[in-house]
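[1] Pasting the sequence and the predicted model now:
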Amino acid sequence: SLRNWTFPGSCGCVVPFSSASMKRRTILVLAALPVVALVVSEVVCRMVEKPGDLPSIRLTMVNDLPGFAREARWESDGYGLRKIGWEDGQPRVLCIGSESTMPLLQSDAASWWGQMRKRLAAEGVEAAVAAAGVNYGTITHCLQWLNLTLDPVKPKVVVLALGPSEVLGRASGYRYDPAAVKHAPVSRPGGWKGKVLDGSAIARCLRHSRMEARLRDDQDTVSKENVLRDRWAKEHELYLKAPEASELPWVHDPADEISEGLRVFVGQAKAKGFKPVVLWLPWPHRPGMSAEAQEHFRFLTPALLQQGAVNVRVAPGWVDGRMRAFRMRAQAVCEGLGVPFIDAASRLGDAAGVYFGDVQLTDAGADQVGAAAAPVVKAALAAP
């Protein structure tokens, strides 16, 4: 019987084998299985884990909107970067900005940095280009994002693109926080959850899967034909109905934040070994704009008025004045720091068809901004 069964040992002797020892071995094996499965799962997750803390995005959008190709396709990686030519091992150019640098309605090649790369290639200068943008992001938001992407990207040149969000992205009561510009955005939760994510690839993979599942629903929605066109038309109607504020009451002058941000940018360049370039984008706001001239405008800024906190449309003339003042200050600081400054706003002037709405370049506008940026970036790439 099994109770009295024996098998040869390695020494040639006969070892008794009992049902009790079999049970103990079975219990030990069963107890070890979850641990082994956990270790194997951790190893597998580490092998397949994607770089970065953000879910990758792949979008195809079809919209009938003036100034854009009907179809736009693009994707971003775990660092929120869109890339062209990344697999070629060429010197890297990283572009950081707001809506026009992460343009929802443009494929990579149609963006201003895609057009810039096209012109560089036409002159025999091959470069890999990556771009990230923050919706309604100010210079502080851009530099925070730069802190997140510098180490994985290791760029030779970084183009910091500043535009209308320097005014529109600052709500009523704005105060300058000198410390904020030096911090990376929080991409993981704090506390015990953050510690678990730091130590466990399984936890990170599960988090990625949940985030990607939530994003998939949004992607399916915006990928439907003319969804963005119709959504933005409704937002434009809300814009027209909102009260107009002649100005935004700020506690601090954002020009101080821009100046300090540029100094931090140069400090990052020295510490990380990249060449800094500043690009000042054009803006569509002008004094005395009619309602027709503000077609497709839709951005509302939070403001504290007598009737309480409301979203307001800021007078275009005031936005124009602030943008001109900020640009002059930024250019002066860049000249003092020895940083190339591309004034695309003055180059384009009041050219028609450059902007769609109040924050995003059209394909024609992106083409002209790319033309302005290419020679300056070419010189930066050639510098030792």
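    Great, that's in hand.

[2] Quick check: which ranges of the stretch 251-384 of the chain have low pLDDT?
    The stretch 251-384 of the chain contains residues with pLDDT under 70 at 305-307.

[3] can you give me the strands in the stretch 1-150 of the chain?
    Under the criterion DSSP state E, counting those that start in this stretch, the stretch 1-150 of the chain carries strands at the ranges 6-8, 14-16, 57-62, 71-76, 82-84, 92-97, 128-133.

[4] Strand 71-76 and the last one, what's the angle between them?
    Note on geometry: by axes from the mean of the first three to the mean of the last three CA atoms, to 10 degrees, strand 128-133 and strand 71-76 are set 90 degrees apart in direction.

[5] Using CSV, lay out the strands of the stretch 1-150 of the chain together with distance to residue 275 and mean pLDDT.
    (Glycine included, C-beta is placed from N, CA and C.) Putting those into CSV (distance: least, CB to CB, whole Å; pLDDT from 0 to 100) gives the following:
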stretch, distance to residue 275, mean pLDDT
strand 6-8, 73, 38
strand 14-16, 73, 48
strand 57-62, 29, 90
strand 71-76, 24, 93
strand 82-84, 19, 95
strand 92-97, 9, 96
strand 128-133, 14, 94
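
[6] CSV for the ones you listed, including distance to residue 148 and mean neighbour count?
    Shown next, in CSV, are those (distance: least, CB to CB, whole Å; neighbours: other CB atoms under 10 Å):
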stretch, distance to residue 148, mean neighbour count
strand 6-8, 61, 9
strand 14-16, 61, 10
strand 57-62, 16, 16
strand 71-76, 13, 18
strand 82-84, 15, 21
strand 92-97, 10, 27
strand 128-133, 8, 25
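
[7] closest to residue 346 out of the ones you listed?
    Among the strands of the stretch 1-150 of the chain, strand 92-97 comes nearest to residue 346, with 17.8 Å by CB to CB.

[8] residues touching residue 101, list them.
    Shown in contact with residue 101 (CB atoms under 8 Å, 6 or more residues apart in numbering): 95, 111, 112, 113, 131, 132, 133, 161.

[9] Need the nearest residue in space to it, chain neighbours excluded.
    Closest residue to residue 101 apart from its sequence neighbours, by CB to CB, 6 or more residues apart in numbering: residue 133 at 4.0 Å.

[10] ok, now which ones touch the one you found?
    96, 97, 98, 99, 100, 101, 102, 103 are the contacts of residue 133 under CB under 8 Å, 6+ apart.

[11] The third one - how many residues pack around it?
    Going back to what we said before, that points to residue 98. For residue 98, the neighbour count with other CB atoms under 10 Å is 27.

[12] what bits of the stretch 1-150 of the chain have low per-residue confidence?
    Per-residue confidence of the stretch 1-150 of the chain (counting by pLDDT under 70) places the weak regions at 1-18, 29-53.

[13] just to revisit the earlier point, to residue 267, which of the strands of the stretch 1-150 of the chain lies closest?
    Smallest distance to residue 267 across the strands of the stretch 1-150 of the chain (CB to CB): 15.3 Å, for strand 92-97.

[14] Which of the contacts of residue 101 sits closest to residue 21?
    Checking the contacts of residue 101 against residue 21 with CB to CB, the nearest one is residue 132 at 61.5 Å.

[15] What's opposite that closest one in the beta bridge?
    For residue 132, the residues forming beta bridges with it (DSSP bridges) are residue 96.

[16] doesn't residue 152 make contact with it?
    No: using CB atoms under 8 Å, residue 132 makes no contact with residue 152, being 11.4 Å away.

[17] Please enumerate the helices of this protein.
    With DSSP state H, the ranges of helices along the chain come out as 19-48, 112-122, 139-153, 165-168, 191-199, 201-222, 227-241, 254-272, 316-337, 344-348, 363-382.

[18] Would you tell me which one of the ones you listed is buried the most?
    Most buried of the helices of the chain, by mean neighbour count (mean count of other CB atoms under 10 Å): helix 165-168, with a mean of 25.

[19] now for that helix, which elements pack on it?
    Here helix 165-168 is seen to pack against helix 254-272, helix 316-337 when contacts are counted using 3 or more CB pairs under 8 Å, 6 or more residues apart in numbering; DSSP states H and E.

[20] which stretch among those comes nearest residue 145?
    Nearest of these to residue 145, taken as CB to CB: helix 254-272 at 11.9 Å.

[21] what residues does the closest one touch?
    Contact with helix 254-272 is made by 138-140, 142-143, 146-147, 150, 158, 160, 162, 166-167, 170, 174, 176, 178, 181-182, 274-276, 278, 322, 325-326, 329-330, 333-334, 337, 339, as judged by CB under 8 Å, 6+ apart.

[22] on that earlier part again, include distance to residue 225 when you put the contacts of residue 133 into CSV, please.
    Output for the contacts of residue 133, formatted as CSV (distance: CB to CB, whole Å):
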residue, distance to residue 225
96, 31
97, 28
98, 27
99, 22
100, 24
101, 26
102, 22
103, 19
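
[23] quick one: which of those residues is nearest to residue 72?
    Once CB to CB is applied, the member of the contacts of residue 133 that ends up nearest residue 72 is residue 103, at 8.1 Å.

[24] measure the closest one to residue 133 for me?
    As judged by CB to CB, to the nearest Å, residue 103 and residue 133 stand 8 Å apart.

[25] Just the buried residues of stretch 302-316, please?
    Neighbour-count burial for stretch 302-316 flags 303, 310, 312, 313, 314, 315, 316 (criterion: 16 or more other CB atoms under 10 Å).
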